[in-house]
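Q: Got a predicted model here, sequence first, then my questions.
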Amino acid sequence: MDKKFNWKVWTTVGFAVIAILQLLPTFVPDLPDFYTNLFDKQLSYGLDLKGGLELRYTVDYKRAIGDNTLRLRDGLTERLGEAHAKTKKLDWATLSQAQKDEIQKRFDITRIDFTTLNVAFENKEDVELLNGDLMNTISGDFNIAGAGDQAKRVSMSDKKVLELKKTIIEQTLQVIRKRVDAFGLVEPDVRHSGDADVDLQLPGLSDRQMRMVRERVGQAAQLTFRMVVREAKPFDDKSPDLQAFKAANAEQAKTLALVPGSAGAYLRAEKKSELVRFVRSLQEKDPAWGANLMIGYEFIENKDQLTGQVTEKYWRTWNLTQRAELSGDNLARANLGFGEKGEPVVNLEFDAAGGRIFGDLTEKNVGNLMAIMLDEDVSSAPVIREPIRGGRAQITLGKGASAQVMQEEARALVTVLNNGAYKAPVIKVHDIEVGPSLGADAVASGLLSMAVGVLLIIAFMIFYYRQGGLIADFALLLNILLQLGLLVAFNAALTLPGMAGLALVTAMAVDANILIFERIREELRLGRSVRAAVELGYGHAFWTIFDSHLTAGMAGLVLMMYSSGAIYGFAVTLLIGIVTSMFTSIVATRVIYDYLLDHGKLKHLSV
Amino acid sequence: MQQQHKHFTLFNPDANFDFVGRRRFFYALTGIGMLVSLVSLSTIGFNKGIDFKGGTKLIVSFTNEAQVTRVGLRADMEKALTAALGHEAGQVEVQEFDTGSGGSRDRQHFVVVTEVTSLVAKKAKDTLKKQIITAFGPNTMVNWAAEGEDRADIQLAEKKPIPATYETLKKMFADAGFPQVTASSGVEQVLDNELYRQLEMSQTEEKKTQTQLATEEQNLRAAKVQKLQTENDMNYTVVVQEFRSKLENTVREKYGKAFIGVESSTSVSPSVAGDMLAQGLVAILYSLIGIVLYIVLRFDVRYAPGAFIALAHDVLLVIGAFSLAQVKFSMPVIAAVLTVAGYSITDTIVVFDRIRENQKQFPGVPIETVINAAINSTMSRTVLTSLTTMLVSGAIFLFGGGLIRDFAFAMVIGVIVGTFSSICIASPIYLFLHHRMEKKASVTPSSPAAARA
């Protein structure tokens, strides 16, 4: 037995064992704890097989970017007017509206597509007013290009478009994910899919839950601003209650703890549900408790300043005013900026009414914390340093953190602030609901057709290749085992098309063995010895198998990028099958031949 | 030596069929096939499923005793649609649906397909919007969700008492012909979140029974309604009863207990559906280009056009068959076409590999002979693989049920045309290009290969 034989044996046996270990929890119900601690994943069925709701939304990011371009148009009209006034030695600020309008008539700005403005000048001498310096005072994200001698084009750089698109989709994904999480459903799956789509998979919902999800997912979360209350300290004397609660609910209050803080004691725990449950128990016990308060929940993630790695994460409570002082409707926009020392800050801009309310609010609450909330979750709680008038505010982020961490935080906050109202319209692409009984029928039919197909191949291979067929069938069964094992390892769901894919890949996988066997037959016909024929058969067939699997894999990869839901499951199965079948047909079958040859059991080859 | 190894063979290993010599015949056959496909695609076109056209598809089930016919159900559905929309709706298709050989036999299924996705027409939406603004003042904002959903998001200029606002909105919708709507407010949404989380926790963590849960839900809902009585809000949402439940109610009224329920529903937005077809076809094109680039890398440029034309032929014939037979063209069919491409290129590569090997092994042998030998020696493998793939595709077609039957149909066609194209198209085109390049090369006499040609 040479070394080469050895590694083939070990990998074959090793992979088979790992696959079996992965699959055991799916098929054996009561496994000991030490086992499920190591291998807890189970083979899961897709929505088309177990029933549930699949929704797909597309994010109309072009519309959002287009709005952004329109805002630029307004800014540009203003600045061009200002620049023109300067050439005439006029002070823009002191001009009357009529005079301003007169000047602004000299420029006609129209939007050509969602990223481009066309600026037409009435007078040629004005053309040069629009230059890089002027653009930089508005936004650095646009490029200027000439368009004839009386017009210029201002367009957003492609890099910026991609960046915006990414943020917008990320925002939408976050809103939808939060929405769905709020229902507390079991294993909802929300992911970015395709170009600008969001895919939701929600298994096992009741009719009522489906209705709720459908009604609510498309809606934006409520963005509100509330003040943190310092005087009321609802948790300060609740230590005995907490002890009692922990004693009564050991399992569900494991990490719940009371922590003293400057604005009264607060609760922290690893899971939000622990906090909610305890707060609810207090409310039930004494309806007057915290009657004028709203308890908010914040997820805290402490990061290492240097490495940026998360060192600690937990949920905490905040005591907030019940009244929302200000809502997202009053927020015009939020964006990332940089402060005087180059530190990242978040700039807020309110509409007229919002600016007034915000001014009064900050005046009354200097030194206090203001919570920025999405529904009942606190996203951030910055300190108000001074009264802020004029509808523009700046949020400085936590001191002491590294610039990178601060910038990440700032970006996250901007995302949340803009989430209040969807910045891009969300359009429902499809809505697929599968009832459990139809799913069960599909499983039965899928399994039956798979079994029939695979058994036919097994029978055919034995009939045609005899001993070789047996070896190929062994590879085929090993292939199915490995495929299922990998599906479990990747958490990939088995769908009805996926079952078909499994059977099809199996059919195509024996192709590799057929190739090898036909090649061995040819070599035998040329009069080579058994060992040489096997060597050459495998050797010649290897690259053919490699090339053909790789190209077939390409088609599978494209399909995976294009599809969602059940078809996505098919693509995943196909790709997994292509990888495993390369292994089983080339390595695993060879192990058997090598064994037979080495032990002199193979005088005659029956392939 | 040869007698030692007895094999069962389908093909005489010494066969030497002249494939290359019959290439004109194959070209003609290919040409006709592609032409028929193209003509069919451009005249009849696809019978697009709702994946690519938009619409609603319901799978409804009845007990075996129910007296339901395809035609009767269709008439009922059309009547219900016309009544709901207030005008003649597009046609409704109803077909019997088979859940496959593994499906339960205690019920019968029908598929109902219509292009309609929502109940509220554009005009009604505009009217309602105007009415709401008139009722609540000019600063009210009303946004209808994109098509496919009948949802209006309303933002009032100031906070108003919730129960009264609900009443006003509901009445307005009822007057417009939509008596079944649900109205909610921003405040209620936050309360609902709480309610659902609480129920979820009671279920998963406290393991309450179904009856306990039902009571708890009732209590929580009552508390919520109580709380809402005194609240004010400026954000409201009105959702009109889903199109699907409208149809469901119609069937239930008519068939009573014999109607088991809607087993599955799919609705696809018409505006996006068209893009999905284009994207699917582009995805196919991309994968063909990717495959061909790989062939250029691994083999050489002369092999690429043959592989590309063979693949394009397969794709065209499969989708052409769907057009000719007017079988529903849906997302799974795109998946099948891509699988066929992967399958067919395997065949092609096997032959190409052999051509390349033979060329190296037998320099000086005429290229026609080399190609014929390559095709003949791989013939038995090609046919065997087609057979195994066909066995599986056939099994899926026969036993898999309505959900994947179209997919299996595409595979069956694909295996046939894929096998044909690898043998009869890819290699002859390679031969053609080989000759062209050799002729060009023969201008420079330094090439020994050219001298031979």
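A: All right, it came through fine.
Q: Point out where the stretch 101-250 of chain A drops to low pLDDT.
A: A:182-186, A:208, A:216, A:218-222 (pLDDT under 70).
Q: residue boundaries of the helices in it?
A: For the stretch 101-250 of chain A, the helices defined by DSSP state H, counting those that start in this stretch cover A:132-138, A:158-182, A:207-217, A:239-248.
Q: Now tabulate the ones you listed in a markdown table and tack on mean neighbour count and distance to residue B:278.
A: For the C-beta atoms, the positions are set from N, CA and C on the backbone; glycine is no exception. Shown next, in a markdown table, are the helices of the stretch 101-250 of chain A (neighbours: other C-beta atoms under 10 Å in any protein chain shown; distance: least, C-beta to C-beta, whole Å):
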| stretch | mean neighbour count | distance to residue B:278 |
| --- | --- | --- |
| helix A:132-138 | 13 | 36 |
| helix A:158-182 | 18 | 20 |
| helix A:207-217 | 18 | 26 |
| helix A:239-248 | 13 | 58 |
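Q: Please produce CSV containing those helices, extended by distance to chain B.
A: Formatted as CSV, these follow (distance: least, C-beta to the nearest C-beta, whole Å):
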stretch, distance to chain B
helix A:132-138, 28
helix A:158-182, 4
helix A:207-217, 5
helix A:239-248, 11
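Q: Tabulate the ones you listed (CSV), appending distance to residue B:42.
A: Shown next, in CSV, are those (distance: least, C-beta to C-beta, whole Å):
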stretch, distance to residue B:42
helix A:132-138, 49
helix A:158-182, 35
helix A:207-217, 39
helix A:239-248, 72
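Q: So stretch A:338-353, near chain B or not?
A: No. If you take C-beta under 8 Å from any C-beta of the partner chain as the test, stretch A:338-353 misses chain B, and the best it gets is 10.1 Å.
Q: which one of the helices of the stretch 101-250 of chain A lies closest to residue A:229?
A: helix A:239-248 (19.6 Å; C-beta to C-beta).
Q: Next SSE downstream of the closest one?
A: strand A:257-259 (DSSP states H and E).
Q: need the helix or strand of the chain with the lowest average pLDDT.
A: Picked chain A for this. The helix or strand of chain A with the poorest confidence is helix A:403-419; it has a mean of 69 (mean pLDDT, DSSP states H and E).
Q: Okay, now the sheet partners of the helix or strand following that helix, with direction.
A: Downstream of helix A:403-419, the next assigned helix or strand under DSSP H and E is strand A:426-434. Under the criterion DSSP bridges, strand A:426-434 sits next to strand A:52-59 (antiparallel), strand B:259-268 (antiparallel) in its sheet.
Q: So is the following helix or strand past strand A:426-434 next to chain B?
A: Heading C-terminal from strand A:426-434, the first helix or strand you meet, by DSSP H and E, is helix A:436-465. Yes. Using C-beta under 8 Å from any C-beta, helix A:436-465 reaches chain B at A:437-438, A:440-450, A:452-454, A:456-457, A:460-461, A:463-465.
Q: Only whichever of these are buried, select them in PyMOL.
A: For the buried members of the residues of helix A:436-465 next to chain B, the matching PyMOL selection, counting by 16 or more other C-beta atoms under 10 Å in any protein chain shown, is:
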select buried, chain A and resi 437+438+440+441+442+443+444+445+446+448+449+450+452+453+454+456+457+460+461+464+465
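Q: Okay, buried residues for stretch A:531-548 please.
A: A:533, A:534, A:535, A:536, A:537, A:538, A:540, A:541, A:544, A:545, A:547, A:548.
Q: OK, contacts around residue B:367?
A: B:359, B:431, B:434, B:435 (C-beta atoms under 8 Å, 6 or more residues apart in numbering or on different chains).
Q: Kindly confirm my reading that the first one is in a helix.
A: Yep, that's residue B:359 we're talking about. Yes. Checked against DSSP: H, G, I helix; E, B strand; the rest coil, residue B:359 lies within a helix.
Q: need the longest helix for chain A.
A: Taking DSSP state H as the criterion, chain A has its longest helix at helix A:530-562.
Q: helices or strands up against that helix?
A: The contact analysis (3 or more C-beta pairs under 8 Å, 6 or more residues apart in numbering or on different chains; DSSP states H and E) places helix A:530-562 against helix A:496-525, helix A:565-583, helix A:589-598, helix B:270-298, helix B:331-361.
Q: Among those helices, which comes closest to residue A:303?
A: helix A:565-583 (33.4 Å).
Q: Kindly provide the whole-number mean pLDDT of that closest one.
A: Regarding helix A:565-583, the rounded mean pLDDT is 90.
Q: same deal with stretch B:35-42?
A: pLDDT averaged over stretch B:35-42 gives 95.
Q: Output it as PDB - backbone C-alpha positions only.
A: Written as PDB, here are the backbone C-alpha positions of stretch B:35-42 (Å, rounded to 0.1, in the frame of the first residue of the first chain):
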ATOM      1  CA  LEU B  35     -35.600  28.200 -37.500                       C
ATOM      2  CA  VAL B  36     -38.700  26.500 -36.200                       C
ATOM      3  CA  SER B  37     -37.900  27.600 -32.700                       C
ATOM      4  CA  LEU B  38     -37.200  31.200 -33.700                       C
ATOM      5  CA  VAL B  39     -40.400  31.400 -35.800                       C
ATOM      6  CA  SER B  40     -42.400  29.900 -33.000                       C
ATOM      7  CA  LEU B  41     -40.900  32.300 -30.500                       C
ATOM      8  CA  SER B  42     -41.500  35.300 -32.700                       C
END
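Q: Show me what counts as buried in it.
A: Buried residues in stretch B:35-42 (16+ other C-beta under 10 Å): B:36, B:37, B:40, B:41.
Q: Verify the contact between the second one and residue B:325 for me.
A: No. With contacts defined as C-beta atoms under 8 Å, residue B:37 does not count as touching residue B:325, sitting 11.7 Å away.
Q: Enumerate the residues of the stretch 351-453 of chain B near chain A.
A: B:353, B:357, B:377-378, B:380-381, B:384-385, B:387-389, B:391-396, B:398-401, B:403-404, B:407-408, B:411.
Q: what do you get if the cut-off is 6 Å, keeping everything else the same?
A: Proximity of the stretch 351-453 of chain B to chain A, by C-beta under 6 Å from any C-beta of the partner chain, involves residues B:353, B:380-381, B:384-385, B:388-389, B:391-392, B:395-396, B:399-401, B:403-404.
Q: wait, does whichever helix or strand residue A:296 is part of contact chain B?
A: For residue A:296, the element it lies in under DSSP H and E is strand A:293-303. No. Using C-beta under 6 Å from any C-beta, strand A:293-303 stays clear of chain B, with a minimum separation of 9.7 Å.
Q: Kindly calculate the angle that whichever helix or strand comes after that strand makes with strand A:293-303.
A: Counting by DSSP H and E, the next helix or strand C-terminal to strand A:293-303 is strand A:310-321. If you take axes from the mean of the first three to the mean of the last three C-alpha atoms, to 10 degrees, strand A:310-321 sits at 160 degrees to strand A:293-303.
Q: which residues touch strand A:310-321?
A: Here strand A:310-321 makes contact (C-beta atoms under 6 Å, 6 or more residues apart in numbering or on different chains) with A:226-229, A:266-270, A:272, A:275, A:293-304, A:371, A:378.
Q: Just the buried ones from those residues, in ChimeraX syntax?
A: To isolate the buried subset of these in ChimeraX, counting by 16+ other C-beta under 10 Å, use the following:
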select /A:226,227,228,229,266,267,268,269,272,275,293,294,295,296,297,298,303,371,378
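Q: Find the residue closest to residue B:159 in space, skipping its chain neighbours.
A: Among residues not flanking residue B:159 along the chain, residue B:232 sits closest, at 3.9 Å (C-beta to C-beta, 6 or more residues apart in numbering or on different chains).
Q: Good, we can wrap up now.
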